[in-house]
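Trainee: got a predicted model here, sequence first, then my questions.
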Amino acid sequence: MTELICTVCPRGCHLKVYPEENYRVEGHQCARGEKYGQEEVKNPCRIITSTVCIEGAEHPRCPVKTNAPVPKQMIFNVVKTLNNVCLRSPVKAGDIVVENACGTGVDFITTRSM
Ligand code: SF4
């Protein structure tokens, strides 16, 4: 059994997830929480935020994020794809910085125009 706190809404229900019982969830107060609990135990994923180098802009770093959640076990390798990236101004918010990072199907995009 795994205990976690649902982060889908501010109520923060305390969940218990039982993988041995087909991922049965206790403690949720809505269907979204049940789904969150099951996915968090089966395949936890996160949106990644970071910054990359940018030349010719007012600031030296440009904020980026993934355009979808990435499986937690892939985060280290996915972040490494940003190591050698250096953008050139101008960029628009939403521009793709790294496409299909590590074959995840997820792109890094800029979150700010600079
Ligand atoms: S289970 Fe439902 S009500 Fe409870 S924190 Fe999650 S989303 Fe909110």
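Mentor: Now that the structure is in, tell me what you want to look at.

Trainee: contacts and neighbour counts: CA atoms only from here.
Mentor: Fine.

Trainee: which ones are touching the residue in the chain that the ligand sits nearest to?
Mentor: In the chain, the residue that lies nearest the ligand is residue 33 (3.5 Å; C-alpha to the nearest ligand atom). By C-alpha atoms under 8 Å, 6 or more residues apart in numbering, the contact set of residue 33 is 6, 8.

Trainee: could you pull up the mean pLDDT of stretch 83-97?
Mentor: For stretch 83-97, mean pLDDT rounds to 96.

Trainee: would you mind listing what in the chain touches the ligand?
Mentor: 6-9, 11-13, 28-30, 32-33 (C-alpha under 6 Å from any ligand atom).

Trainee: what's the PyMOL line that selects buried ones from those residues?
Mentor: A single PyMOL command selects the buried members of the residues of the chain next to the ligand (16 or more other C-alpha atoms under 10 Å):
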select buried, resi 6+13+28+33
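
Trainee: now find how far off-centre the one helix or strand the residue of the chain closest to the ligand maps to is within its chain.
Mentor: Here residue 33 sits within helix 31-42, counting by DSSP states H and E. Distance, stretch centre to chain centre, for helix 31-42: 16 Å (C-alpha atoms, centre = their mean, to the nearest Å).

Trainee: please enumerate the helices of this protein.
Mentor: Here the chain has its helices, by DSSP state H, at 31-42, 75-80.

Trainee: need the winner for burial among those.
Mentor: Compared across the helices of the chain, helix 31-42 shows the largest average neighbour count, a mean of 17 (mean count of other C-alpha atoms under 10 Å).

Trainee: who's in contact with residue 46?
Mentor: By C-alpha under 8 Å, 6+ apart, the residues touching residue 46 are 69-72.
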